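Peer 1: what follows is a predicted protein model with its sequence.
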Amino acid sequence: MSLYLLRRLIQAVGVMAVMSLIVFLGVFAIGDPVDILIAPDADQIERERAIIALGLDKPLWMQYLVFLGNALRGDLGRSFVFNEPALQLIMGRMPATLELALGATIMAIIIGLPLGLYAGLRPNGAISKAILAISILGFSLPTFWVGLMLIMVFAVQLGWLPSTGRGETAMLFGLRWSFLTQDGLAHLIMPATNLALFKISLVIRLTRAGVRETMLMDYVKFARAKGLSPARVTFVHVFKNILIPVVTVVGLELGSTIAFSVVTESVFAWPGMGKLIIDSINVLDRPVIVAYLMTIVLMFITINLIVDLTYSFLDPRVRLESKG
């Protein structure tokens, strides 16, 4: 286990180093922030002063080396717009995005697994066919349209839920979270549901396919022949063996939700990292863009590691030491 973790740590450092170069070059190529941050009527002296203040007067390779040296100390630069450490801005918005992504993932697991299990055990039933039809809608409907419909129905017409914002928050571990208050939880329901619809459909289809495949396995037939109850066959021999692909996809989807929840955050005015990165791209705030992308890369690496470690608990035959 320790050797495997050491190997993964070395791989993570290599991935972060390569991604830092790609991200830095990509952000440098999208434009000159001085053209946006400085007034059009500014003279050349003011432009030169701004370029020097932002550290853009150095060659690109030197800017990268300065960035890399600062990054090793935990400093990813200061925002051109907010004049605050970029990493601090990201960390301030991260709890909002994390609770949105985690809320959507939990909803997908709680709703998707039972429905997929039922559809797999009774594939020809009317309820199972209805579940599959609903899952197809979950794949097909655009996220922004679903968000607008949720606002129209539950906020405007029924008045049950607030439409925008994060609501009241409470402190936990030095960060502000909205799910700890009743008002914040009410604000969380609609955007989390909007994000969860696609994931619920995905979990339903994966679970159903896994159940249909596992039910044909010899060990399941043998368990039935031994006279085990249907519940024991389902939850001990079938359910546990379909979790590995589900865990894999849910883990990757969690990372994707954190990285690409921009549409939902924009529709519901949710003050998360997605909205921050859109605003930063509009003004070419390079330090914030780089800090955001590096944070997302680190999250994906961490989530993939957690998924791999989970394999060993779900299936003892998986040996971490044998992984390359």
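Peer 2: That came through, no problem.

Peer 1: count the residues that sit near residue 91.
Peer 2: Residue 91 is flanked by 15 other residues according to other C-beta atoms under 10 Å. Using the backbone N, CA and C atoms, a C-beta is placed for each residue, glycine as well.

Peer 1: the stretch 101-250 of the chain: helices as residue ranges?
Peer 2: Assigned by DSSP state H, counting those that start in this stretch, the helices in the stretch 101-250 of the chain fall at 126-140, 143-150, 182-214, 218-225, 230-232, 243-259.

Peer 1: how big is the angle separating the first one from helix 182-214?
Peer 2: Compare the direction of helix 126-140 with that of helix 182-214 by axes from the mean of the first three to the mean of the last three C-alpha atoms, to 10 degrees and you get 120 degrees.

Peer 1: any idea which of the helices of the stretch 101-250 of the chain is most buried?
Peer 2: Among the helices of the stretch 101-250 of the chain, the stretch with the highest mean neighbour count (mean count of other C-beta atoms under 10 Å) is helix 182-214, at a mean of 21.

Peer 1: same for it, what does it pack against?
Peer 2: helix 86-121, helix 126-140, helix 143-150, helix 243-259, helix 262-267 (3 or more C-beta pairs under 8 Å, 6 or more residues apart in numbering; DSSP states H and E).

Peer 1: send me stretch 199-209 as PDB with only the CA atoms.
Peer 2: C-alpha atoms of stretch 199-209 as PDB (Å, rounded to 0.1, in the frame of the first residue of the first chain):
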ATOM      1  CA  LYS A 199     -25.900  11.800 -13.100                       C
ATOM      2  CA  ILE A 200     -29.100  10.100 -11.900                       C
ATOM      3  CA  SER A 201     -29.700   8.900 -15.400                       C
ATOM      4  CA  LEU A 202     -26.200   7.700 -15.800                       C
ATOM      5  CA  VAL A 203     -26.200   5.800 -12.500                       C
ATOM      6  CA  ILE A 204     -29.600   4.200 -13.400                       C
ATOM      7  CA  ARG A 205     -28.300   3.000 -16.700                       C
ATOM      8  CA  LEU A 206     -25.000   1.700 -15.300                       C
ATOM      9  CA  THR A 207     -26.700  -0.100 -12.400                       C
ATOM     10  CA  ARG A 208     -29.300  -1.700 -14.600                       C
ATOM     11  CA  ALA A 209     -26.700  -2.900 -17.100                       C
END
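
Peer 1: what lies in contact with it?
Peer 2: 104-105, 107-109, 111-113, 115-117, 119-120, 123, 131-132, 134-139, 242, 245-246, 249-250, 253, 257 (C-beta atoms under 8 Å, 6 or more residues apart in numbering).

Peer 1: worst-scoring helix or strand of this structure, pLDDT-wise?
Peer 2: helix 34-37 (a mean of 62; mean pLDDT, DSSP states H and E).

Peer 1: so, low pLDDT: which residues of this structure?
Peer 2: Applying pLDDT under 70 to the chain flags the ranges 1, 4, 28-44, 46-47, 50-51, 53-57, 312-324.

Peer 1: okay, the spatially most central residue of it and residue 271: tell me how far apart.
Peer 2: Geometric centre of the chain, nearest residue: residue 258, 2.2 Å, by C-alpha atoms, centre = their mean. The spacing between residue 258 and residue 271, counted by C-beta to C-beta, to the nearest Å, is 15 Å.

Peer 1: so who does the nearest residue to the residue nearest to the centre of the chain once chain neighbours are set aside touch?
Peer 2: Using C-beta to C-beta, 6 or more residues apart in numbering and skipping the chain neighbours, the partner closest in space to residue 258 is residue 101 (4.6 Å). By C-beta under 8 Å, 6+ apart, the contact set of residue 101 is 195, 254, 257, 258, 261.

Peer 1: now with 7 Å?
Peer 2: Shown in contact with residue 101 (C-beta atoms under 7 Å, 6 or more residues apart in numbering): 254, 257, 258, 261.

Peer 1: residue 107 too?
Peer 2: 192, 193, 196, 200.

Peer 1: same thing but at 8 Å, please
Peer 2: Contacts here follow C-beta under 8 Å, 6+ apart; on that basis residue 107 touches 192, 193, 196, 199, 200.

Peer 1: format those residues as JSON lines; extra columns: distance to residue 145.
Peer 2: Shown next, in JSON lines, are the contacts of residue 107 (distance: C-beta to C-beta, whole Å):
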{"residue": "192", "distance to residue 145": "17"}
{"residue": "193", "distance to residue 145": "14"}
{"residue": "196", "distance to residue 145": "16"}
{"residue": "199", "distance to residue 145": "17"}
{"residue": "200", "distance to residue 145": "17"}
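
Peer 1: wait, residue 122 sits on residue 130?
Peer 2: No - taking C-beta atoms under 8 Å as the definition, residue 122 is not a contact partner of residue 130, at 11.5 Å.
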